[in-house]
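> Give me a model of this one.
(3 chains)
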Amino acid sequence: MARKSLGNIRRSFAPWADPAAIPQVRFESVTKRFDDIAAVSDLTLSLYPGEFHALLGPSGCGKTTLMRMLAGFETPDSGRILLDGQDLAGIPPHLRPTNMMFQSYALFPHMSVFDNIAFGLRQGNLKREAIAARVAEMLALVKLEGFAGRRPDQLSGGQKQRVALARALARQPKVLLLDEPLGALDKKLREETQYELMDLQAELGLTFLMVTHDQDEAMAMADRISVMERGRIAQVGAPEEIYEMPANRYVAEFVGDINVFEGVVDEVKGEIISLDGRHGPIILDDPDPSLAIGQTVSVAIRPEKISITLEEPAQPTNKMTGEIWDIGYLGDFTMVQVKLDGEAGQLVRVALPNRSRRAERPIAWEDRVWLSWDVEAGILLRG
Amino acid sequence: MNRLRAPHLLALVFGIAFLYLPILVLVLYSFNASRLVTVWGGFSTRWYAALLQNQALLDAAWLSLKVALVSASLATILGLLSALALARFGRFAGRTLFAGMIAAPLVMPEVITGLALLLLFVGLDAERGFWTVTIAHVTLTACFATIVIQARLVMLDRSLEEAAQDLGATPLRVFLAITLPMIAPAILAGWLLAFTLSLDDLVLASFTSGPGSTTLPMRIYSSVRLGVTPEINAASTLIIALVATVVVLASLLIKRDALSRT
Amino acid sequence: METGTSLPGRGWPAPRWLVVGLPYAWLLAFFLLPFLIVLRIALSDTARALPPYAPHWTGWAEVWGFLQALDLESFATLIADTLYLDAYLSSLRLAATATLVALLIAFPLAYSMASAPRRWQPALLILVILPFWTSFLIRVYAWMAILRPEGVLDALLRGLGIIDEPLGLMNTETAVLIGMVYSYLPFMVLPIYTSLERLDRSLLEAAADLGATPFRRFISIVIPLARPGIYAGCFLVFIPAIGEFVIPDLLGGPETLMIGKVLWTEFFSNRDWPLASAVAILLLLILAVPLFAYQHFARKEAP
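Got it, this is the predicted structure:
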C-alpha cells in the first residue's frame, strides 16, 4: 500500500508484518451464500499464532458466518479454510481444534458449573482425576473457585460469561472463538472484563478470534481488526491504522466520527496535496499517485483533530470560519457543532477535551469562531 | 398488576363453576346410597364395591390401560422422530405431505379416521382386537405428541447443541446429553397427552376393535346409552381422580423443571 | 441470524432416512392409504356381504376400467335423499351456534384470567385445562344426569320454585348445544388467553393516556389484538363440533340430525359401507371450507 506508516506507533507483536511468518488460520477465497445472498464473498484472511483478532462490522456483514465456518457450523460454498496448514473441509465441529464462546454463553442449564466445564474434557479418554484437576485449574483461571456446584441460573451475567470462557478454554483449543463476548454485560462490567480477557490472552498465548459490532471493544482488545462490509473485508489492520488511516469512507465512517470536506485537486507536490475546497484551501499529507489535477476528492477530519479559536489562525490553509451551532457536554469531552459560512452551511463536529474542572468555556452559542487543523490531520477518502 | 376487579372475578367464578359443577355432581352422586339420581339416600360406597364385582367393566379397563400404555409409548417415539424431522431437517423431499399428514388427524373428525382405518383392516383381512385399536390410537395420538415435542424443539436454543458439538461431543452424544434432557418435559407431556387421549377414545375404538376386545369407553358408552347408572358414576369418579392426579403431578413436575432452568 | 443448515446433515444419531422414514411410513400406511380405500369404497356398489361392498376394480392396471365404471350411486343417494342434506346443514348450524356461545362464555373468562395477578395465572390455567384432560365421554355423561327429566337441574329449579313442570331439555338440540359448548370450552379459552396474556399492558395505558374510555380501549385495542386467538379458538371448536358423534347420540333426540351420527348409523346399523364412505368424503369436503377460511384469516393476521 502506498501509505505512510505511523511513525509514532511501534508494536512489539506484529507477525503479519513479517513475510516469513506462517499464519495459523487461513481463509482462502471463502464464499458462503444463504438463499442467493452472499454472507461471505471471496474473502481471504490470515490469523497468526498468538494474535487477538477482531471481526468488526454491523449485523449482517458476515462476521458471524465467517467465524461459524471456522468452528464448522457452516460449510463454505467455495474456498478453503486452513488451520495449521490442514484443510478443515469435511471435518465436523466436534473434531476441530477450535472452541467457541457463544454470544448467549450457551451454558447447559441442566448441568452444574463443574459439569459444564468438564463437558468437553469428558469427550476424550481423560481420567476422572485429570478432569477434576483441569476443571479446578480453569475455575481458578477465571476466579470462580467455589462455584463448581452452582447451576447456571444461580450465576450473575458476569459469572456466566466466565464459566463459558472456562468451558471453551478447558480443552486447550488452538484457536478460541468469541462471539460478542461482552455483548450481554453492562457497561462497567464490560470494561473490567475487557482487560481480563486481554490479560488472559497474553498469559495463555492463544490465538483469539472475536466477533463484535462494538468498535470500542475491538479497538481496546484486538491486535488487529478486520472491518467487514457486506461479506468482504474493507480493511485489516491494527486499531491505530484502522482509525487514523482508514482505507475508505466506509471504514472511516464506521470506526469513529468524521467530518467530510470536498475539494478539487489543485497541486500534488511530493507528498503534499493541495485542494481547492469550498470553504478555503486544504492541504494534506497523504500521497496517492493516482490523483489527477482537477479531480474532486473527499477529505475526512476526525473531530478531536480540529481546534477552535476566536481569532483567525496564522496558517494560510486548513482553516474555516463559522458560528457555534450547538454545544453538547459529555463529561470527558464536549462535542461542539459549528455551522460553516456559506450557502451550504455544512455542520462540523469538533471534540474538545475537558481538561480542567472549573475552567469557563471559552465559547458560547452563536459565537463567531475559526476552525483549523494540521497538515497531517486530513485523511484522503477513497471509495 | 393491580387487583382483580369485580366483573373479572365474576367471570372467573362463573366460568370455572360451569366447567366443574357437572363433574362435581357426578362425583357427589357416585356416593349416593340411592339408585335414584335425584334422591339423596345418604353417603355410601356401595357403587364402588359393586364396581369391583363387575368383571366386564374391569376387563375393559384393563384392556384400555394396556392399549393406552402401548399406544402412548409408540406414539411418543413416532412423535419424537417426526418432531425432529420437522424441526431440524429443514427442507426434505415430501415434507409438505408429511406435515400435512401430521396436521390432518388433529382436525379430522374421528368418525372418518375410524371408518377409514376399519376399511383398511377389513381390506387387509386383519383380525380386529388389541393391535388394531392400538394402531388406530398411535396414528391419532402420534400427531398430538409431534406437535407438543416440536414446539419445544423449535424453542430450544440451538447454540446449546452447537456448544456441545464444539466441545467435542459426537452428534449422538449431543442428542443424549443435551437435546434429550432439554426436551424431556415435552416428551413426558406428549406421552401423557397420548395416554389420556387413548384412554378416553370411544370412536376409533368402536370402529377398529373386534368381538371380545371392548375398551372401557366402549363399555361405559353402551351402559350410558341405557341411562344414568350409579355404577358408572363411581367408575367415572375413579377415572377423573386418576387423570386429575396424574395431570396435576405432571404439571407441577414440569413447572419445577422449568423454574430450575430459567 | 443465519440458520445452520449443515449441522443435521451429517452424522446424526440415527440416519436421516430412518428418522423421517419411520413416522412417514406409518402415516402413509395408516392415514393416507385408508383414505384412498374410503374413496374407492364410496364409489362402489352396495352389497350385503362382508365386506359389504363390491369393488369395481381389483388391480392397479385397471385404472381406466375403474374410471369408466365409476359408480356415483352413493353420491346420488346422498343428493336425492334430503335426510343427508338436512344433516349436513343442521351440523353446520349447531356447530356454528356452539362456537358462538362458546366464544361468548370463553372471552370474558380468558380476559379475566389474563387480568388476574401473575402468580394466580398458572393455577387458573391448570383449572381450565384440567377438565379437558378428564374423559370426554364422562363429561358428556355428566350432563345426562343433570338434564334428564327429573334430573339434577329439574330438581334444583323445582326446589327453588322456579318451575313446576320438568324442563324437558334432555334429547333436544339445546342439550346438544350445551354439551358441545361445555366439552369444547377449553379449546376456546386457551388460544384467547394466550393472545391476551401476551398483550402489552402499556398499550392500554397509552390508549388511556390518549383519552380513550375503557369501552373504546376494549373495542379498539383488546379485541383487535386478541383476534388471532379468537380465530384459532373458533376453529378449534367449530371443526370437531361438525363431525361430533358422542354428544348428539347421548344428549340429542331423534330429531337431532348430525352428520357424524348419520355416518355412524349408516355404517353400524344399516351396514351401507359405500354410503357411509360417501358421507365421509362429503364431510371432508365441507370441512375444507372452514380450514381454508382459517388459513386465510391466520395469514392475514400474521405480520
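
> Are stretch B:101-121 and chain C in contact anywhere?
Yes: with Cβ under 8 Å from any Cβ of the partner chain as the measure, stretch B:101-121 is seen reaching chain C through B:101-102, B:104-105, B:107-113, B:115-117, B:119-120. Where C-beta positions appear, they are placed from N, C-alpha and C, glycine not excepted.

> Distance from that stretch to the middle of the chain?
17 Å (Cα atoms, centre = their mean, to the nearest Å).

> What would stretch C:165-177 look like as CSV? C-alpha coordinates only.
Provided in CSV are the C-alpha atoms of stretch C:165-177 (Å, rounded to 0.1, in the frame of the first residue of the first chain):
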residue,chain,number,x,y,z
GLU,C,165,-93.0,-28.8,35.1
PRO,C,166,-89.8,-30.6,34.0
LEU,C,167,-87.9,-28.5,31.5
GLY,C,168,-87.5,-31.5,29.2
LEU,C,169,-84.1,-30.4,27.9
MET,C,170,-82.8,-33.9,27.6
ASN,C,171,-82.8,-35.2,24.0
THR,C,172,-83.2,-31.8,22.4
GLU,C,173,-80.9,-29.6,20.3
THR,C,174,-80.4,-27.4,23.3
ALA,C,175,-78.9,-30.3,25.2
VAL,C,176,-76.6,-31.0,22.3
LEU,C,177,-75.5,-27.3,22.3
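
> mean confidence for that stretch?
Confidence for stretch C:165-177, expressed as mean pLDDT, is 84.

> Buried subset of the residues of stretch B:101-121 next to chain C as a ChimeraX selection?
Buried residues within the residues of stretch B:101-121 next to chain C, by 16 or more other Cβ atoms under 10 Å in any protein chain shown, are selected in ChimeraX with:
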select /B:101,102,104,105,108,109,110,111,112,113,115,116,117,119,120
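
> What lies in contact with the helix or strand that contains C:V140?
Per DSSP states H and E: C:V140 is located in helix C:136-147. Identification of contacts with helix C:136-147 by Cβ atoms under 8 Å, 6 or more residues apart in numbering or on different chains yields B:22-23, B:25-26, B:29, B:37, B:200, B:202, B:217, B:220-221, B:224, B:227-228, B:232-233, B:236, B:239-240, C:131, C:151-153, C:167, C:169-170, C:175, C:178-179, C:182-183, C:246-247, C:250-251.

> cool, and stretch B:81-93?
Contacts of stretch B:81-93 (Cβ under 8 Å, 6+ apart): B:95, B:98-99, B:102, B:142, B:145-146, B:149-150, B:153-154, C:3, C:5, C:8, C:16, C:19-20, C:22-24.

> mind checking how far that stretch is from the chain centre?
24 Å.

> buried residues in it?
Quick answer for stretch B:81-93 (16+ other Cβ under 10 Å): B:81-89.

> tell me which of those residues is nearest to chain A?
Closest to chain A out of the buried residues of stretch B:81-93 is B:R88 (14.0 Å), distances taken as Cβ to the nearest Cβ.

> so who does the residue in the stretch 151-300 of chain C positioned nearest to chain B touch?
Relative to chain B, the nearest point of the stretch 151-300 of chain C is C:G243 (2.3 Å; Cβ to the nearest Cβ). Residues counted as contacts of C:G243 (Cβ under 8 Å, 6+ apart) are B:108-112, C:91, C:259-260, C:283, C:287.

> From the buried residues of stretch B:81-93, which land in helices?
Among these, the residues falling in helices (DSSP state H) are B:81-88.

> Confidence-wise, which of these comes last?
For those, the pLDDT minimum is B:R88, 85.

> in chain A, which residue is closest to the centre?
In chain A, the C-alpha nearest the mean C-alpha coordinate belongs to A:A218, at 3.4 Å (Cα atoms, centre = their mean).

> and that one, what element?
Using DSSP H and E, A:A218 falls in helix A:215-221.

> Show me what that helix is packed up against.
In terms of contacts (3 or more Cβ pairs under 8 Å, 6 or more residues apart in numbering or on different chains; DSSP states H and E), helix A:215-221 is packed against strand A:52-56, helix A:187-204, strand A:207-212, helix A:239-244.

> closest to chain B out of these?
Of all the helices and strands packed on helix A:215-221, it is strand A:207-212 that lies closest to chain B, at 13.3 Å by Cβ to the nearest Cβ.
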